[in-house]
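> Build the 3D model from these lines:
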Amino acid sequence: MSAPGDAAIVGDDGIGRCPWGAGSELLGEYHDREWGRVLHGRDALYERISLEAFQSGLSWLIVLRKRPAFREAFAGFDPEAVARFDGTDTARLLADAGIVRNRAKIEATVANARAVLALADRGEDLDTLLWSFAPPPREQPPSGFEDVPATTPASTAMAKALRARGFRFVGPTTCYALMQATGMVDDHVAGCFRAIGAPGG
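Next up is the predicted model:
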């Protein structure tokens, strides 16, 4: 692969991508087809919250490789099903080598399913709540990842709102990663075919 003058990396296929998206075939597929694309829907967003929490402190590639096992272990990330998980399920998950076996993150995923369902009691829904923190769209792509923040005032506000509603493992950094992954912000860098203003963006 060769690096042009801007932040993207041009692969053997002649397509410029964010540097992390050129790291492997699996990352490339996720970069091209999912990351930064607008995502709506309670269950889909609950899955992303869960996976971003499991990724905390780990490589995203690890989570991507394990995503099929995560989906199987957590009932397709159906909040109504996961909310019914009990100690027996926790023990099952801790013994499942296909996922990240971290008790705090497993218990947070169950607690977050219950928090998703509890939103209805407040007259809220997860989709509307999360997207209420989306900032105005960028006008220009970041020149490189040194220009991409780890947190923003919006992600800090989102984290505060989620925690107040009983969610766990939703700090400002995790919330900003969620915002990037679900298209609330577009951080594809200059020269990437998915960047703002690019033909594939």
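
> Skip the chain neighbours and tell me the closest residue to the one residue sitting closest to the centre of the chain.
When the chain is reduced to its mean C-alpha position, the nearest residue by CA atoms, centre = their mean turns out to be L178, at 3.8 Å. Leaving aside its sequence neighbours, L178 sits nearest to E52 (CB to CB, 6 or more residues apart in numbering; 5.0 Å). C-beta here means a position set from N, CA and C on the backbone, and glycine is covered the same way.

> any idea which element that neighbour lies in?
For E52, the host element (DSSP states H and E) is helix 42-55.

> CA atoms of the lengthiest helix in the chain as PDB?
Looking only at the chain and at elements set by DSSP state H, the helix with the highest residue count is helix 103-118. Extracted C-alpha coordinates of helix 103-118, given in PDB (Å, rounded to 0.1, in the frame of the first residue of the first chain):
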ATOM      1  CA  ARG A 103     -18.000  -9.900  34.000                       C
ATOM      2  CA  ALA A 104     -18.500  -6.200  34.400                       C
ATOM      3  CA  LYS A 105     -19.100  -5.800  30.700                       C
ATOM      4  CA  ILE A 106     -21.500  -8.700  30.500                       C
ATOM      5  CA  GLU A 107     -23.400  -7.400  33.500                       C
ATOM      6  CA  ALA A 108     -23.500  -4.000  31.900                       C
ATOM      7  CA  THR A 109     -24.900  -5.400  28.700                       C
ATOM      8  CA  VAL A 110     -27.800  -7.000  30.700                       C
ATOM      9  CA  ALA A 111     -28.300  -3.800  32.700                       C
ATOM     10  CA  ASN A 112     -28.300  -1.700  29.500                       C
ATOM     11  CA  ALA A 113     -31.000  -4.000  28.000                       C
ATOM     12  CA  ARG A 114     -33.200  -3.300  31.000                       C
ATOM     13  CA  ALA A 115     -32.400   0.400  30.700                       C
ATOM     14  CA  VAL A 116     -33.500   0.400  27.100                       C
ATOM     15  CA  LEU A 117     -36.800  -1.100  28.100                       C
ATOM     16  CA  ALA A 118     -37.200   1.400  31.000                       C
END
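
> So which elements touch the next helix or strand after that helix?
Downstream of helix 103-118, the first helix or strand assigned by DSSP H and E is helix 126-131. Using 3 or more CB pairs under 8 Å, 6 or more residues apart in numbering; DSSP states H and E as the contact criterion, the elements in contact with helix 126-131 are helix 42-55, helix 153-164.

> How about the first one, which residues are buried there?
Think helix 42-55. The neighbour-count check on helix 42-55 (16 or more other CB atoms under 10 Å) flags 42, 45-55 as buried.

> Likewise for stretch 148-156?
Taking 16+ other CB under 10 Å as the basis for neighbour counts, the residues of stretch 148-156 that come out buried are 148, 152, 154-156.

> now the end-to-end length of that stretch.
Terminal residues of stretch 148-156 are spaced 15 Å apart (CA to CA, to the nearest Å).

> That concludes my questions; thank you for your assistance.
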